[in-house]
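Asker: Please work out how this folds:
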Amino acid sequence: MTAPLVTILDDEPEIRSILADALEDAGFRTMGFSRATEFEATLKSTTPDVCLVDLGLPDKDGLTLVHRLALELGSAVIIISGRAQVQDRVTGLELGADDYIIKPFDPAEVVARVRARLRKDRPAAPTSSNTARFNGWTAYFDRYVLEDEEGTETTFSHAEGEVLRLFLESPKRLISRAHMQETLGGAAGESFDRAMDVRISRLRTKLREDPKNPRLIKTIYGAGYIFLGDVRWG
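Answerer: I've put the predicted structure just below:
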């Protein structure tokens, strides 16, 4: 099973090291960045499960970055900042952050918050199986991997996996945006809708769907989505 990936964006090497040590000891994978430009370049090929973001970045406004991540990435975003004013926390959360931790922090608390966020994001499953087969694909939710008929594997993120699992558990049934929001959590509105659009777009790419005429994940405009595959669990 591939451990969840946590990215750490902070310009202080000591803080990156402390967080990485605590998270890796707890079983997570980590990647650390000192500048937003490096972090954003990595996002073109990597989708983290949780992003830890400091607001005081040397090359970009942290709040602007948080807002973009919330809209486009589909990962959980936790701000870690020395800004302790109530208004800073409110602004960060309103812009799409999932949590806000004030410096100085206890590394154990950060680990606990990351775990809590991942638990909250994971939908309750009516089946205990972590393997689903559909239309020539096999999804391994314990390893975050999609495998085609030839055995070629493609990884997916925790965020993408929760959407895929929701589809696979309710095939050939309309899944409304409201149901997705209620099941997956998060505040309704533009931020949630954009996050879902990004996750579904990435899933279609990984399933090699034609974006103009997808076979499996169909958009029902104004209503939601329908997954048209034949699904077998176990």
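Asker: got the buried residues for the longest helix that the chain contains?
Answerer: Across the chain, the helix with the greatest residue count (assigned by DSSP state H) is helix 190-206. For helix 190-206, burial by neighbour count (16 or more other Cβ atoms under 10 Å) applies to 191, 192, 194, 195, 196, 198, 199, 200, 202, 203, 204. Where C-beta positions appear, they are placed from N, C-alpha and C, glycine not excepted.
Asker: Then stretch 139-156?
Answerer: 139, 140, 141, 144, 145, 146, 147, 155, 156.
Asker: contacting residues for residue 29?
Answerer: Residue 29 sits next to 2, 3, 4, 5, 6 when contact means Cβ atoms under 8 Å, 6 or more residues apart in numbering.
Asker: let's go with 10 Å and repeat that
Answerer: Residues near residue 29 by Cβ atoms under 10 Å, 6 or more residues apart in numbering: 2, 3, 4, 5, 6, 7, 20, 23, 48, 49.
Asker: Could you list the buried residues of the host helix or strand of residue 118?
Answerer: Element membership for residue 118 (DSSP states H and E) is helix 107-121. Residues of helix 107-121 classed as buried by neighbour count (16+ other Cβ under 10 Å): 107, 110, 111, 113, 114, 115, 117, 118, 121.
Asker: doesn't residue 30 make contact with the third one?
Answerer: In this case it means residue 111. No: using Cβ atoms under 10 Å, residue 111 makes no contact with residue 30, being 11.2 Å away.
Asker: what touches both of the two?
Answerer: Shared contacts of residue 111 and residue 30, counting by Cβ under 10 Å, 6+ apart, come down to 6, 19, 22, 23.
Asker: Helices along the protein, start to end?
Answerer: Ranges of helices in the chain, per DSSP H, are 13-25, 36-42, 62-72, 86-94, 107-121, 158-169, 177-184, 190-206.
Asker: quick one: the fifth one to helix 158-169, angle?
Answerer: It stands for helix 107-121. Interaxial angle, helix 107-121 versus helix 158-169 (axes from the mean of the first three to the mean of the last three Cα atoms, to 10 degrees): 30 degrees.
Asker: CA atoms of helix 107-121 as PDB?
Answerer: What follows is helix 107-121, C-alpha atoms only, in PDB (Å, rounded to 0.1, in the frame of the first residue of the first chain):
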ATOM      1  CA  PRO A 107       4.600  18.200  15.400                       C
ATOM      2  CA  ALA A 108       2.400  15.500  16.900                       C
ATOM      3  CA  GLU A 109      -0.600  17.900  16.500                       C
ATOM      4  CA  VAL A 110       0.200  18.400  12.800                       C
ATOM      5  CA  VAL A 111       0.300  14.600  12.300                       C
ATOM      6  CA  ALA A 112      -3.000  14.300  14.100                       C
ATOM      7  CA  ARG A 113      -4.600  17.000  11.900                       C
ATOM      8  CA  VAL A 114      -3.300  15.400   8.700                       C
ATOM      9  CA  ARG A 115      -4.700  12.000   9.800                       C
ATOM     10  CA  ALA A 116      -8.000  13.600  10.700                       C
ATOM     11  CA  ARG A 117      -8.300  15.400   7.400                       C
ATOM     12  CA  LEU A 118      -7.700  12.200   5.500                       C
ATOM     13  CA  ARG A 119     -10.300  10.300   7.600                       C
ATOM     14  CA  LYS A 120     -12.800  13.000   7.000                       C
ATOM     15  CA  ASP A 121     -12.200  13.000   3.200                       C
END
